[in-house]
Structure formats: C-alpha cells, structure tokens
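> Fold the following and give me the result.
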Amino acid sequence: MTVALETVLARAGLRVTAAEFLSLVEDAAKRLITPQVDPSAHFTAAEREALGEAGLDLAPLAAEEADPRARTVAEQAVLRDTALSVNQAAERIGVDSSRIRHRIGDGRLIGWKDRGGWRLPAWQFSDDDVLPGLETVLTGMPQDQPALVLAKFMTTAQDDLELGDRPVSPREWLLAGGSARRVADLASAIGTPA
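The predicted structure is shown next:
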C-alpha cells in the first residue's frame, strides 16, 4: 500500500512521504467530531419530525455505506500539506518574513496557526507573487468560514466566472486578469443558504 500511496501523492504533485501524509490524515480525522451512532440524538422530537418532513434521513449509516467524512479528512490533509510556512511564502514573493506576518495581521493574507507557526493556503499565491486582486477578494470573504471552505471556493469552477466558454475557479479567473470585485461579491455569499 505504501508504494501505491506514494505513487498517488507524486501524481498529485504532493511532496510528502506516505507516512507524513497518513499522519496528516490521522490529525485531520481526530479534529472531526466523534461519529454519532444515532444522528437523530442531536435533535428534539419536534426537530426530528420537521427534518424528516423536509426529506432529511437521520438514520445511522448502514455498515456498507462509506463515511462521508472521509473526503473532508483527505481534503483537509492536502490543504495542510500544501500550505506554505511564513518563510516559504516570504521566499516565494520576495519579501522578508515579517512582511508576511504583517499581511496576515492586516487581513491581506489568510492563514492558521499549526504546530507553532503560521500556515498559509497555497491558493493565495502565484508562482512568484500573491494572487492578483487577493486583497479585494479577502475583503469579501466571510471571516467565520474554515480554511477548507475558502480553499474549495477559490479552487472550484464557478458558473458565474467564465473564460471562453467554460466556467473557471476564482483562482484561475484572477490569474487570467478577471475582476477581483466580482470574485469578492461571489465570496461574500460563502456560508449563506442558497
């Protein structure tokens, strides 16, 4: 299995050993809430009835059903593995590491503390600079959303952003010179019911 995992990681462009990746997956899984044997136990009888009428199934997972948390754990592990340290971000854009910390403090870059240092999602950077229009986009992003939600938004094709005849991710849109205000407007809706 180790060889197969290392092959998959290499194809995905992740520079991490199989053991390191599995450690990241384990850490991400531990951060999730312990699974409930009975999901309906979280709700009152009236809430269960209302949710059932709305079409939600509150039955526990059957033994043969895949745990829906697995994809999130894998995505979280990849997000953590590909994130840049302050020094890596500084080197990439050619500034001192103190400038990166200032930008985080000013809300011009986002990141999270992990293992004693800041980690910055890689989607915020091009090969040698920050993503064009990033400051504008960050002003529209809700601050209460987890890093994974923001990363998924920035790297998933959006129907409202098209290059040529195909929808593109906000990151692709910005790299191609698209309007940062348009991305910020879309980002402002993250976490709000459709």
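
> So what touches the helix or strand of the chain at the bottom of the mean pLDDT ranking?
In the chain, the helix or strand scored least confidently by mean pLDDT, DSSP states H and E is helix 18-31, which has a mean of 78. Applying Cβ atoms under 8 Å, 6 or more residues apart in numbering, the external contacts of helix 18-31 come out as 2, 5-6, 9, 14, 16, 69, 72-74, 76-77, 80-81. Using the backbone N, CA and C atoms, a C-beta is placed for each residue, glycine as well.

> Identify all contacting residues around the helix or strand just after that helix.
Next in sequence after helix 18-31, counting helices and strands by DSSP states H and E, comes helix 45-53. Contacts with helix 45-53, where a contact means Cβ under 8 Å, 6+ apart, come from 40, 43, 58.

> of these, buried ones?
residue 40 (16 or more other Cβ atoms under 10 Å).

> Let me have the contacts of helix 45-53 in a markdown table, extended by pLDDT and distance to residue 90.
Output for the contacts of helix 45-53, formatted as a markdown table (pLDDT from 0 to 100; distance: Cβ to Cβ, whole Å):
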| residue | pLDDT | distance to residue 90 |
| --- | --- | --- |
| 40 | 81 | 50 |
| 43 | 87 | 48 |
| 58 | 83 | 48 |
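
> can I get the contacts of helix 45-53 in TSV with distance to residue 138?
Shown next, in TSV, are those (distance: Cβ to Cβ, whole Å):
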residue	distance to residue 138
40	39
43	36
58	37
